[in-house]
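[1] fold the stuff below for me.
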Amino acid sequence: MPHPIAFRDDDPGLAEVRTIALGFPEAFEKVSHGRPVFCAPKMFAIYGGSTKESGPMRSVAHCVLVKVDEAERAALDADPRTFYPAYLGPYGWLGLDFTTAAVDWDEIAELVDASYRLVASRTLIERLDQR
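    Numbering: from 1, shown residues only. The predicted model follows:
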């Protein structure tokens, strides 16, 4: 049984995340577990997520999940907008909630870029750097 769709195309921030994520070489979008996932071909960004921090599972509908370098994790963890996403957190992912403060889209673009670079092939990274 497929997961129910957990987003709408007019969700806050989804259009911006799409524009950022689909700007990377060979990036594409698919729906996985009911959420938009951006891949090249490995996933590097997800719109929407959930967390088990501070109790039972709760949805964080308007956010972006990205893979983060361990060297950056401590600084990002200190940001009150970030959260440890359920299921993906142990694999180096972090969420940034769009509803807790004004969204800095340049910052989101940097986080998505860093995530892309952690999962993309060397060839794709070279193509990105040649732009």
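[2] now do the end-to-end distance for stretch 3-19.
    One end of stretch 3-19 to the other measures 25 Å (Cα to Cα, to the nearest Å).
[3] what separation do you get for residue 47 and residue 74?
    Separation of residue 47 from residue 74 (Cβ to Cβ, to the nearest Å): 25 Å. For the C-beta atoms, the positions are set from N, CA and C on the backbone; glycine is no exception.
[4] my bad, should have said residue 86
    Remark: distance between residue 86 and residue 74 (Cβ to Cβ) = 21 Å.
[5] tell me how many other residues crowd residue 96.
    Number of residues near residue 96 (other Cβ atoms under 10 Å) recorded here: 24.
[6] the one 5 residues further on too?
    Neighbours of residue 101 under the rule other Cβ under 10 Å: 11.
[7] can you tell me the closest non-neighbouring residue to it?
    Computed as Cβ to Cβ, 6 or more residues apart in numbering, the closest residue to residue 101 that is not its neighbour in sequence is residue 81, at 5.6 Å.
[8] give me phi/psi at the one you found?
    phi -80, psi -10 (degrees, to the nearest 10).
[9] so what pLDDT did it get?
    Note on residue 81: pLDDT of 94.
[10] how near is it to residue 65?
    13 Å.
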